[in-house]
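A.B. asks: the following block contains a protein sequence and its predicted model.
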Amino acid sequence: MLPSLSRTARRRALAVTAALLALCGVLVWWLVPFGSPAPSGSVTFSTGVPTGVYQRYGDLLKNALAQDLPEVSITLKESEGSQQNLARVATGEADFTIATADAVAQYQRERRPGFERLRGCARLYDDYVQLVVRKRSSLRKVQDLRGLRVGVGQPGSGVRLIADRVLAAAGLAPDRDVEAVSAGIDTMPGLLERDELDAFFWSGGLPTQAVQELSARFQIRLIPLDARLVDALHDAGDSTRYYRSAVIPADAYSEAQDGWPIETLAVANLLVTTVDADDDLVEGFTRTVIRSRDAIGRQVHSAQLVDLRTAVYTEPLKLHDGARRYYRSVKP
């Protein structure tokens, strides 16, 4: 019969055994990968017009994604705005996009192709409606636009959707009571400057570069859009309930506002994908959007408003499972 081990010997044997087990665990972890592989492949991100916030935000987000998801190739694709963006993603022409909540609700209400496939990743920043006129103009309210040349955005843009609605809420028929000019933010400032427009609508983050540059070289001002217009919009139907009263800060366009804040209305932007998008990819996209807020916000001011506490609220879209997984992972 073998003699029993002393207490000290037994402790040494147990320590050696534990060390061997730990070493085996490290070797298994090293040799056998656990968890999901890093996302890879190519995706298309539908953005906006060249001088708009969507495009600038997309450029900077693409750079951040290249660092966080190095195996994913991102292609940016310019667009006319929210309505075209949604159609592209819903029909598979793009994989991710940005769109306003009112445009999403309208797309769903009209049951347009692929509407049921759309999912939200994050609530981003708000768009502010800006009605721009020459500073010397006598125009003071939306109703004064009757019979005038008004830039209303391009077909397929979120600007066109909201401009038509604001005009209607003010009692003007967009197709009869104004001379509606289909143009985007890349051309409307020049048209106003050359006296080919009397006013133009824009809906975007603050400040929008094209409006800021116009105010620096040409005297403009913003027409207030008061709470009564918001109430009239809410009365128009379910898809208009995503508008809220807001204020353009006095320093958004200092040359145009003369130190005064301007009443307006705002609507949230959403990062949008489809139910078919890979969970790991969506989780990675969402993580980068939140983590890159400060870096992007130094160049695109509106991106500073992306907030982890509110990003999860993507109504009227259901939250994508990959995005939900990210928010759960960072929940306190």
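C.D. replies: Structure's in. What do you need?

A.B. asks: ends of stretch 220-231, what's the gap?
C.D. replies: This stretch, stretch 220-231, spans 27 Å end to end (Cα to Cα, to the nearest Å).

A.B. asks: pull the distance from it to the chain's centre.
C.D. replies: 23 Å (Cα atoms, centre = their mean, to the nearest Å).

A.B. asks: quick check: buried residues in it?
C.D. replies: Going by neighbour count (16 or more other Cβ atoms under 10 Å), the buried part of stretch 220-231 is Ile220, Arg221, Leu222, Ile223, Pro224, Leu225, Leu229, Val230. In short, each C-beta sits where N, CA and C put it, glycine included.

A.B. asks: in the sheet, who's paired with the third one?
C.D. replies: Meaning Leu222. Val132 (DSSP bridges).

A.B. asks: list the contacts of it.
C.D. replies: The neighbours of Leu222, taking Cβ atoms under 8 Å, 6 or more residues apart in numbering as the test, are Gln130, Leu131, Val132, Val133, Ile248, Tyr253, Ala256, Gln257, Ile262, Thr264.

A.B. asks: the same query, at a cut-off of 7 Å, please.
C.D. replies: Taking Cβ atoms under 7 Å, 6 or more residues apart in numbering, we find Leu222 in contact with Gln130, Leu131, Val132, Ile248, Ala256, Gln257, Ile262.

A.B. asks: so the last one makes contact with Ala250?
C.D. replies: When you say that, I think you mean Ile262. No - Ile262 lies out of contact with Ala250 (Cβ atoms under 7 Å); the separation is 8.2 Å.

A.B. asks: so if I had to pick from those two, which one is more boxed in?
C.D. replies: Legend: neighbour count by other Cβ atoms under 10 Å for Ile262 and Ala250, higher for Ile262 (21 against 13).

A.B. asks: what is the neighbour count of the closest residue to the more buried one other than its chain neighbours?
C.D. replies: Once flanking residues are discounted, Ile262 sits nearest to Ile248: 4.3 Å by Cβ to Cβ, 6 or more residues apart in numbering. The number of residues packed near Ile248 is 23, by other Cβ under 10 Å.

A.B. asks: in this structure Ile248 contacts Pro207, no?
C.D. replies: No - counting by Cβ under 7 Å, Ile248 does not reach Pro207; the two are 9.0 Å apart.

A.B. asks: what is the nearest of the contacts of Leu222 to Asp177?
C.D. replies: The closest of the contacts of Leu222 to Asp177 turns out to be Leu131 (Cβ to Cβ; 15.3 Å).

A.B. asks: how near is that closest one to Ile248?
C.D. replies: 11 Å (Cβ to Cβ, to the nearest Å).

A.B. asks: repeat that for Ala277.
C.D. replies: Distance of Ala277 to Ile248, computed by Cβ to Cβ: 35 Å.

A.B. asks: likewise Pro261?
C.D. replies: Separation of Pro261 from Ile248 (Cβ to Cβ) stands at 6 Å.

A.B. asks: do Thr100 as well
C.D. replies: Relative to Ile248, Thr100 is positioned 17 Å away (Cβ to Cβ).

A.B. asks: likewise Arg217?
C.D. replies: Arg217 sits 20 Å away from Ile248, going by Cβ to Cβ.

A.B. asks: cool, Thr288 as well?
C.D. replies: Distance of Thr288 to Ile248, given as Cβ to Cβ: 29 Å.
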